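**Student:** here you go, sequence then predicted model.
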Amino acid sequence: MKQSQITYWCHEVIRSQAPKGGLYVDATMGNGKDTVFLCGLAGEEGKVLAFDIQACALDEAKTLLEREGYAGRARLILDGHENMDQYVQDGTVDVICFNFGYLPGGDHSISTLPQTSLAAVSKGLSALKSGGMMSLCIYSGKDTGFEEKECLMEYLKGLPAKDFTVIENKYLNRGNHPPSPVFLFKR
């Protein structure tokens, strides 16, 4: 049942808020599923930037983009999400999405880290337009640490309400530290 998957909910919220033809950032490209989703929103007029630190992620994403008919629609960047400010200007991005943790099907010893993820979220908030949004899928069980989730949640709690709306969602009846979908809206 896909409606119970965290990525399904994140996509539905993004779809309900994102303008067509905007500038979108997939801050944690992985295998490219969010990149493909954002390319669909971007259409011919929009632009998608996707970041990952693993060359194998870029290869997987490129293959998926070609298979889905979106070849050349996204710029795939081999760099950490904490460097997104080198690729986008402040106040220009409509949507940024994150999936924290490790590359599905990849090396679990390589994962997002509290310090770089916090820097990426902070820079992403600056990059968002007024009215823009950010989606965070925060995974903290098994191979990924709880430190990253705690660090991010503490930071998000401190954001000024006059500038941002932050909504945390929870799975109440799932064990094993289920992921947390979080949405941020810039006023």
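**Tutor:** Alright, I've got the coordinates.

**Student:** switch to C-alpha atoms for all contacts and neighbour counts from now on
**Tutor:** OK.

**Student:** give me the buried positions along the longest strand anywhere in the chain.
**Tutor:** With secondary structure taken from DSSP state E, the chain has its longest strand at strand 128-138. Going by neighbour count (16 or more other C-alpha atoms under 10 Å), the buried part of strand 128-138 is 128-130, 132-138.

**Student:** relative to the whole chain's centre, how far out is the next helix or strand after that strand?
**Tutor:** Of the helices and strands lying after strand 128-138 in sequence (DSSP states H and E), the nearest is helix 146-157. With C-alpha atoms, centre = their mean, to the nearest Å as the basis, helix 146-157 stands 15 Å off its chain's centre.

**Student:** contacts for helix 146-157 next, please.
**Tutor:** With contact meaning C-alpha atoms under 8 Å, 6 or more residues apart in numbering, helix 146-157 is reached by 113-115, 117-118, 138-140, 166.

**Student:** if we can go back for a sec, identify the farthest-apart pair in the buried residues of strand 128-138.
**Tutor:** Across the buried residues of strand 128-138, the longest distance by C-alpha to C-alpha is 23.7 Å; it joins 130 and 138.

**Student:** quick one: list the elements packing against the longest strand of the chain.
**Tutor:** Applying 3 or more C-alpha pairs under 8 Å, 6 or more residues apart in numbering; DSSP states H and E, one finds that strand 128-138 contacts helix 6-17, strand 93-99, strand 180-186.

**Student:** buried residues in the first one?
**Tutor:** In this case it means helix 6-17. Quick answer for helix 6-17 (16+ other C-alpha under 10 Å): 6-7, 9-11, 14-15.

**Student:** packing partners for it?
**Tutor:** Using 3+ C-alpha pairs under 8 Å, 6+ apart, helix 6-17 is in contact with strand 128-138, strand 180-186.

**Student:** how about the ones you listed in TSV, adding distance to residue 63 and mean pLDDT?
**Tutor:** Formatted as TSV, those follow (distance: least, C-alpha to C-alpha, whole Å; pLDDT from 0 to 100):
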stretch	distance to residue 63	mean pLDDT
strand 128-138	23	95
strand 180-186	27	95
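
**Student:** just tell me which of the ones you listed ends up closest to residue 47.
**Tutor:** The nearest among the helices and strands packed on helix 6-17, by C-alpha to C-alpha, is strand 128-138 at 14.2 Å.

**Student:** the helices and strands packed on helix 6-17 into CSV, with extra columns for distance to residue 75?
**Tutor:** CSV is the format used below for the helices and strands packed on helix 6-17 (distance: least, C-alpha to C-alpha, whole Å):
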stretch, distance to residue 75
strand 128-138, 18
strand 180-186, 24
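
**Student:** of all those strands, which lies closest to residue 159?
**Tutor:** strand 180-186 (9.9 Å).

**Student:** starting at the chain centroid, how far to whatever helix or strand residue 40 lives in?
**Tutor:** Using DSSP H and E, residue 40 sits in helix 33-42. Chain-centre distance of helix 33-42: 11 Å, with C-alpha atoms, centre = their mean.
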